[in-house]
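# pasting the sequence and the predicted coordinates here, then a few questions.
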Amino acid sequence: MADYILAIDQGTTSTRSIIFDKAGSIVATGQMEHEQIFPKAGWVEHDPAEIWRNTREVIGLALGRANLTRHEIAAVGITNQRETAVVWDKTTGEPVYNAIVWQDTRTQPIVDRLAADGGVERFKDIVGLPLATYFSGTKIVWILENVPGAREKAEAGELLFGTTDTWVLWNLTGGPEGGVHVTDVTNASRTMFMDLETLTWRDDILEAFGVPKSMLPEIRSSSEVYGTVEPSSLLRETPVAGILGDQQAATFGQAAFETGESKNTYGTGNFLIFNTGEEIIHSKNGLLTTLGYKLGDAKPHYALEGSIAVTGSLVQWIRDNLGLISSAPEIETLAKTVDDNGGAYFVPAFSGLFAPYWRPDARGALVGLTRYVNKGHIARAVLEATAFQTREVLDAVNADSGVDLTELKVDGGMIANNTLMQFQADILGVPVVRPVVAETTALGAAYAAGLAVGFWSDLEELRRNWQEDSRWEPEMDEAERARQLRLWKKAVTKTFDWVDDDVR
């Protein structure tokens with residue numbers, strides 16, 4: 001009897017396999033981190049071969065810890081870091097270059113070149129995205145222009161592109177021996193190549209970028225059987241039936257299925273998604289228009305998204321680069337040694353600023369320093385940076401949607417930090433709500449796969465699985481909230497115009 005769904009969560013810092021039961025509860029988990037490769041300032045890479053090795057291993061770890069076999073797994077769902085680009089040889093299965101990660105900023109000259117004719121919003125009405133280094137389209141161009149022989153091989157139809165969902169799926173279903181080359185609408189919507197209305201690749205945009213269409217995967221819905229796992233795997237013959245980009249998966253896992261529902265994920269970066277239903281809303285306030293989900297043959301649901309590049313990775317930076325803490329949870333302990341930030345504000349524009357500013361010229365700044373400030377104040381400023389950035393994105397969502405959010409559902413690793421969650425409620429002025437199952441990204445992928453094979457019957461059954469765990473009510477008075485926001489916005493302006501022709 002197949003009583004479980006297995007989700008593969010291929011994230012920015014690790015790959016996880018999580019097994020869920022019918023109630024949406026976690027049965028077992030396997031997880032492995034992969035190397036973060038920084039060849040130059042602003043360059044961020046992963047080894048796709050390492051990611052695939054880790055994927056196979058974490059599947060085995062989860063099955064072993066749950067004492068399950070493939071016969072008890074009804075389907076596999078995949079969720080992934082969305083804009084990270086992999087290009088590989090379809091005959092050998094070998095990547096032609098490392099995966100270029102969503103945080104990578106090396107493609108700014110390509111962005112500038114494309115924006116010379118029509119500006120950064122040249123394609124925005126079609127694809128919902130401004131020209132930016134964030135999205136995978138310019139990363140493909142960089143590989144074609146900088147890896148010897150890549151352009152020629154691509155023109156000859158010998159190379160394939162995919163975000164990491166596609167890379168994992170292709171290998172899982174056979175690789176060079178018949179692997180399925182597919183992505184879903186949510187990941188396709190992050191390339192800059194997909195028409196939001198038709199859900200198809202745009203030939204004119206591909207031509208402008210100089211990317212051969214033969215490289216691209218087929219676009220499918222988020223919930224359908226794409227293929228079955230290849231014969232040598234522990235999961236052989238199990239259907240792979242769900243794909244959602246990580247932020248859309250977290251939204252789905254939070255049961256935010258309807259217009260006006262939203263969530264905020266606190267991970268390497270922060271991503272707030274607001275479901276706009278079947279309506280495409282073009283942001284006037286620095287947000288992205290993206291696909292929320294598409295279930296089989298049903299109409300797609302769209303979303304507005306506020307993408308923040310650096311939140312959890314700032315804590316990682318404080319740990320690894322500065323050595324102020326030895327483990328991520330220590331940031332809360334250190335922050336609690338002081339009552340406030342001591343006047344210090346940390347704007348982590350390490351990859352420029354994403355929503356709502358979209359300033360690639362920005363770089364990180366720690367401002368407001370006096371002799372009074374100690375490492376406890378800096379720890380508080382690190383946590384508060386996440387909350388302030390979320391407030392700015394939420395203000396943009398409220399302005400675009402015309403409906404003020406009344407509470408914020410949260411998920412991701414940082415929501416275990418109670419100090420951050422309380423400050424988040426304080427600076428938003430609305431309650432912050434944490435679900436019982438915090439692993440909503442993997443859960444969303446599991447839900448998509450389970451719906452496709454009849455493991456769950458409908459969205460209402462999934463909604464009944466959602467349960468509240470904790471709630472933080474705002475305690476800060478309005479005057480103090482306004483003061484803090486004014487100082488934060490002043491700090492943000494100090495990061496502008498740092499990058500010029502001599503500084504990259």
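In hand now; what should we look at? Numbers count the residues shown, from 1 in each chain.
# how far does the helix or strand where residue 382 lies sit from the chain's center?
In this assignment (DSSP states H and E), residue 382 forms part of helix 375-401. How far helix 375-401 lies from its chain's middle: 18 Å, per C-alpha atoms, centre = their mean, to the nearest Å.
# just checking, next helix/strand downstream of that helix?
strand 408-411.
# that following strand: what's the following helix or strand?
Downstream of strand 408-411, the first helix or strand assigned by DSSP H and E is helix 418-428.
# could you dump that following helix to PDB, C-alpha only?
Extracted C-alpha coordinates of helix 418-428, given in PDB (Å, rounded to 0.1, in the frame of the first residue of the first chain):
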ATOM      1  CA  ASN A 418      11.300  34.000  18.300                       C
ATOM      2  CA  THR A 419      13.100  37.300  18.600                       C
ATOM      3  CA  LEU A 420      13.000  37.900  14.900                       C
ATOM      4  CA  MET A 421       9.300  36.800  14.600                       C
ATOM      5  CA  GLN A 422       8.300  39.200  17.400                       C
ATOM      6  CA  PHE A 423      10.200  42.100  15.800                       C
ATOM      7  CA  GLN A 424       8.600  41.100  12.500                       C
ATOM      8  CA  ALA A 425       5.100  41.500  13.900                       C
ATOM      9  CA  ASP A 426       6.200  44.700  15.600                       C
ATOM     10  CA  ILE A 427       7.500  46.300  12.400                       C
ATOM     11  CA  LEU A 428       4.600  45.100  10.300                       C
END
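# which residues touch it?
266, 332, 335-336, 383-384, 386-388, 390-391, 394, 408, 410, 414-415, 431-432, 434, 470, 472-476, 481, 484-485 (C-beta atoms under 8 Å, 6 or more residues apart in numbering). Just so you know, the C-beta spots here come from the backbone N, C-alpha and C atoms, and that holds for glycine as well.
# so how do I select the buried members of those in ChimeraX?
Buried residues within the contacts of helix 418-428, by 16 or more other C-beta atoms under 10 Å, are selected in ChimeraX with:
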select :266,332,335,383,384,386,387,388,390,391,394,408,410,414,415,432,434,472,474,476,481,484
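# can you show me the strands along the stretch 401-504 of the chain?
Along the stretch 401-504 of the chain, the segments classed as strands by DSSP state E, counting those that start in this stretch run 408-411, 432-435, 468-472.
# repeat that for the stretch 101-250 of the chain.
Under DSSP E, counting those that start in this stretch, the stretch 101-250 of the chain gives strands at 159-163, 182-184, 218-220, 223-228, 239-245.
# do the same with the stretch 251-400 of the chain
So, for the stretch 251-400 of the chain - with DSSP E, counting those that start in this stretch - the strands run 262-266, 270-277, 288-293, 301-308, 345-347, 365-367.
# got these as JSON lines, with distance to residue 90 and mean pLDDT columns?
What follows is these, written out as JSON lines (distance: least, C-beta to C-beta, whole Å; pLDDT from 0 to 100):
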{"stretch": "strand 262-266", "distance to residue 90": "33", "mean pLDDT": "89"}
{"stretch": "strand 270-277", "distance to residue 90": "31", "mean pLDDT": "90"}
{"stretch": "strand 288-293", "distance to residue 90": "26", "mean pLDDT": "94"}
{"stretch": "strand 301-308", "distance to residue 90": "31", "mean pLDDT": "91"}
{"stretch": "strand 345-347", "distance to residue 90": "43", "mean pLDDT": "96"}
{"stretch": "strand 365-367", "distance to residue 90": "45", "mean pLDDT": "96"}
